[in-house]
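S.K.: Curious how this folds, go ahead:
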Amino acid sequence: MTSKKVWFITGAGRGLGVEIAKAALAEGYAVVATGRDAGKVAAAIGANPNLHCVRLDVTSEAEAREAVASAVDRFGRIDVLVNNAGNFFAGFFEELSPAQIRDQIETLLFGPMNVTRAALPIMRGQRAGLLLTISSTAGIAGGSFCSAYAAAKFGVEGWIESLALEVSPFGIRSMIVEPGFFRTDLLTMESTTYAEGSIDDYSKRTAETVAAWTGMNGKQSGDPTKLAEALVQLAGHDAPPARFAAGLDALEVFEMKAKLLLAQADAHRGLSSSFGFADP
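M.R.: Here you go, the predicted structure:
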């Protein structure tokens with residue numbers, strides 16, 4: 001068993017997952033880096049004696065259990081679980097197929113659930129651990145062309161917010177991260193699947209959105225290396241934030257949603273508070 005803190009990271013073969021793995025290793029931590037191709041994960045991160053690469057498709061409950069068991073066999077514990085693996089089905093709701101929507105939710109919601117379910121017994125036994133969940137500003141505020149993605153991320157937010165209350169008595173902490181646009185591969189064709197346009201009413205907006213997002217790829221303002229380093233530092237705090245808005249655009253979304261919710265509550269406050277039984 002290692003005396004180092006052990007990070008278990010999903011989706012560690014590319015994008016932010018690679019950067020988190022490198023940042024954790026740079027701090028001297030042990031890292032279990034997972035992805036659908038363990039060889040590609042190892043190549044992306046680089047050789048390190050504190051690195052253990054394991055195959056993991058997060059949609060498989062069996063592979064989640066096997067990956068966690070491999071981590072414990074190698075390092076003896078799991079201190080930080082980073083649920084980062086993801087994909088993106090982009091398009092208007094009517095043009096996304098039911099299969100695509102199910103796939104989106106299977107990967108972004110049930111995937112983290114599978115891995116977390118496998119890891120929690122280890123953390124409970126330790127009476128310590130951190131669940132670090134990579135969500136999105138789409139989990140705070142929905143947006144056009146993101147209906148399936150937002151549905152999954154809203155689910156993640158509600159699940160983790162509730163789970164945090166369930167496991168806090170065991171010394172297990174939680175942090176949800178809502179990044180804005182970062183220069184990762186999320187908008188590449190490898191990560192994003194666009195709905196096949198089939199409804200004329202949406203065709204113009206679809207073309208405009210796809211062109212805008214394709215043109216944005218590689219030009220996003222957020223630096224994933226800086227975010228990864230910040231997350232490693234935040235994870236070391238005794239009381240990490242329950243939610244962390246990553247990026248100026250993420251802060252704007254947080255502020256906009258907070259103002260919107262308050263305005264909506266105030267708009268019908270009298271009616272909203274009028275439904276109690278009259279006193280006898």
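S.K.: now the residue nearest to the spatial centre of the chain, nearest residue through space, not along the chain?
M.R.: Centroid-nearest residue in the chain, with C-alpha atoms, centre = their mean: Ile134, separated by 2.5 Å. Spatial nearest neighbour of Ile134, excluding adjacent residues (C-beta to C-beta, 6 or more residues apart in numbering): Asn84 at 4.5 Å. (Each C-beta comes from the backbone N, C-alpha and C, glycine too.)
S.K.: Mind pulling up the pLDDT for the residue nearest to the centre of the chain?
M.R.: Looking at Ile134, its pLDDT stands at 97.
S.K.: any idea how far Met175 lies from Met113?
M.R.: Applying C-beta to C-beta, to the nearest Å, the value for Met175 to Met113 is 17 Å.
S.K.: what about the two, which has more around it?
M.R.: Set Met175 next to Met113 and count neighbours by other C-beta atoms under 10 Å: Met175 wins out with 23 against 18.
S.K.: what residue ranges in this structure are flagged as low confidence?
M.R.: Along the chain, the parts satisfying pLDDT under 70 run over 1, 184-191, 218-221, 280.
S.K.: biggest strand in it by residues?
M.R.: Ranked by residue count, the top strand of the chain under DSSP state E comes out as strand 172-179.
S.K.: helices or strands next to it in the packing?
M.R.: Judged by 3 or more C-beta pairs under 8 Å, 6 or more residues apart in numbering; DSSP states H and E, strand 172-179 is in contact with helix 111-126, strand 129-134, helix 147-167, helix 224-235, strand 243-246, helix 248-267.
S.K.: one more time with 7 Å, if that's ok
M.R.: Contacts defined by 3 or more C-beta pairs under 7 Å, 6 or more residues apart in numbering; DSSP states H and E place strand 172-179 against strand 129-134, helix 147-167, helix 224-235, strand 243-246.
S.K.: Now do the same contact list for the residue nearest to Ile134.
M.R.: Ile9, Thr10, Gly11, Leu16, Gly17, Ile20, Ile134 (C-beta atoms under 7 Å, 6 or more residues apart in numbering).
S.K.: could you dump these to a markdown table with secondary structure?
M.R.: Listed next are those as a markdown table, based on DSSP: H, G, I helix; E, B strand; the rest coil:
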| residue | secondary structure |
| --- | --- |
| Ile9 | strand |
| Thr10 | coil |
| Gly11 | coil |
| Leu16 | helix |
| Gly17 | helix |
| Ile20 | helix |
| Ile134 | strand |
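S.K.: of those residues, closest to Ile140?
M.R.: Ile134 (13.4 Å; C-beta to C-beta).
S.K.: doesn't Val177 make contact with the closest one?
M.R.: Yes - assessed by C-beta atoms under 7 Å, Ile134 is found in contact with Val177 at 5.2 Å.
S.K.: Kindly export stretch 261-276 (C-alpha atoms) in CSV.
M.R.: Output of stretch 261-276 as CSV, limited to C-alpha atoms (Å, rounded to 0.1, in the frame of the first residue of the first chain):
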residue,chain,number,x,y,z
LEU,A,261,-34.1,32.0,-10.2
LEU,A,262,-34.5,34.8,-7.7
ALA,A,263,-36.4,36.9,-10.3
GLN,A,264,-38.7,34.0,-11.0
ALA,A,265,-39.3,33.4,-7.3
ASP,A,266,-40.1,37.1,-6.7
ALA,A,267,-42.4,37.3,-9.8
HIS,A,268,-45.1,35.2,-8.2
ARG,A,269,-44.1,35.2,-4.6
GLY,A,270,-47.6,36.0,-3.4
LEU,A,271,-49.2,33.2,-5.3
SER,A,272,-46.4,30.7,-4.5
SER,A,273,-46.9,31.3,-0.8
SER,A,274,-50.7,31.0,-0.8
PHE,A,275,-51.2,27.3,-0.9
GLY,A,276,-51.2,26.4,2.7
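S.K.: thinking again about what came up before, can you redo the contacts of Asn84 as TSV with distance to Leu227?
M.R.: TSV is the format used below for these (distance: C-beta to C-beta, whole Å):
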residue	distance to Leu227
Ile9	14
Thr10	16
Gly11	14
Leu16	7
Gly17	11
Ile20	8
Ile134	10
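S.K.: which one among the residues you listed gets closest to Pro224?
M.R.: Leu16 (4.9 Å).
S.K.: Hmm, the closest one is touching Ala228, no?
M.R.: Yes - at 6.4 Å, Leu16 counts as touching Ala228 under the criterion of C-beta under 7 Å.
S.K.: All set, thanks.
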